[in-house]
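# Sharing a model prediction with you, sequence too.
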Amino acid sequence: TGESHQQNDNAAANWEVRMSRSRKIAYYYNRVTKESTWEIPQGIDPTKIKGYGEQRDGNPQESGAGQIRASHLLVKHIESRRPSSWKEVRITRTKEQALALILAYRERIEKGETTLAELAITESDCSSSKRGGDLGFFGRGQMQPSFEEAAFKLEVDQLSEPVWSDSGVHLILRTQ
Ligand SMILES: Cn1nc(-c2ccccc2)cc1C(=O)N[C@H](Cc1nc2ccccc2[nH]1)C(=O)O
């Protein structure tokens, strides 16, 4: 109902994104309850949290020296390198089924019905799921080659086509 949606927004308004000095990644701080957490708070649309995505890296040369920042949504399948995740202890879907899911998610994001960050929280088979799929900043040589190649081709705010890696099939959104 509108009411619960309104409550949700209010709850999102109590949160803000801060940058951890030590770990150089964003964390979430609730100015009402004073709590802080690495994971996006339950049931909150991350794109409604003040400062989401605007976090400049605390360490300028890190985001300058050929680094990019991206979020992703991963759907694993039975042939994935580790066919298990926080969502499903034994993943048995086929590659075709994984691709069909990813294409359906891509469609919904492209239509503006939802965001990659919001979908990643409930649907991604990567442990970055609870951070809306945010992988932080990374340079070349850090991620699997097929993922790196696709991510570095993206413009900021661009959403990839389905990308295959040994982990499964990904949607990648370059954020910085
Ligand atoms: C590369 N990476 N970063 C995180 C991460 C980042 C921030 C907060 C929590 C987890 C998790 C991972 C990771 O490798 N997760 C794997 C799945 C996976 N495989 C990937 C290949 C390329 C890029 C991201 C990928 N994520 C898993 O959970 O089985």
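The structure has been received and is ready for your questions. Residues are numbered from 1 along each chain as shown.
# can we go C-alpha only for contacts and neighbour counts from here?
Fine.
# ok, residue 45 touching residue 116?
No: applying CA atoms under 8 Å, one finds residue 45 not in contact with residue 116, separated by 10.5 Å.
# Look at those two and report which has more neighbours.
Neighbours were tallied for residue 45 and for residue 116 using other CA atoms under 10 Å; the higher tally belongs to residue 116 (27 against 20).
# For stretch 163-176, measure first residue to last.
End-to-end distance for stretch 163-176, by CA to CA, to the nearest Å: 19 Å.
# How about it, which residues are buried there?
163-165, 167-176 (16 or more other CA atoms under 10 Å).
# Can you get me a residue count around residue 92?
Neighbourhood size, residue 92 [other CA under 10 Å]: 16.
# OK, contacts around it?
Residues in contact with residue 92 (CA atoms under 8 Å, 6 or more residues apart in numbering) are 77, 78, 83.
# And for residue 166?
So residue 166 contacts 80, 81, 144 (CA under 8 Å, 6+ apart).
# Apply 6 Å and report the result again.
For residue 166, the contacting residues are 80, 81, by CA atoms under 6 Å, 6 or more residues apart in numbering.
# Show the pLDDT at it.
Per-residue pLDDT puts residue 166 at 97.
# low-confidence ranges in this structure?
Across the chain, residues meeting the criterion (pLDDT under 70) sit at 1-10, 55-64.
# Go ahead and flag the most central residue of it.
residue 133 (1.7 Å; CA atoms, centre = their mean).
# That one contacts residue 71, doesn't it?
Yes: if you go by CA atoms under 6 Å, residue 133 and residue 71 touch, sitting 4.7 Å apart.
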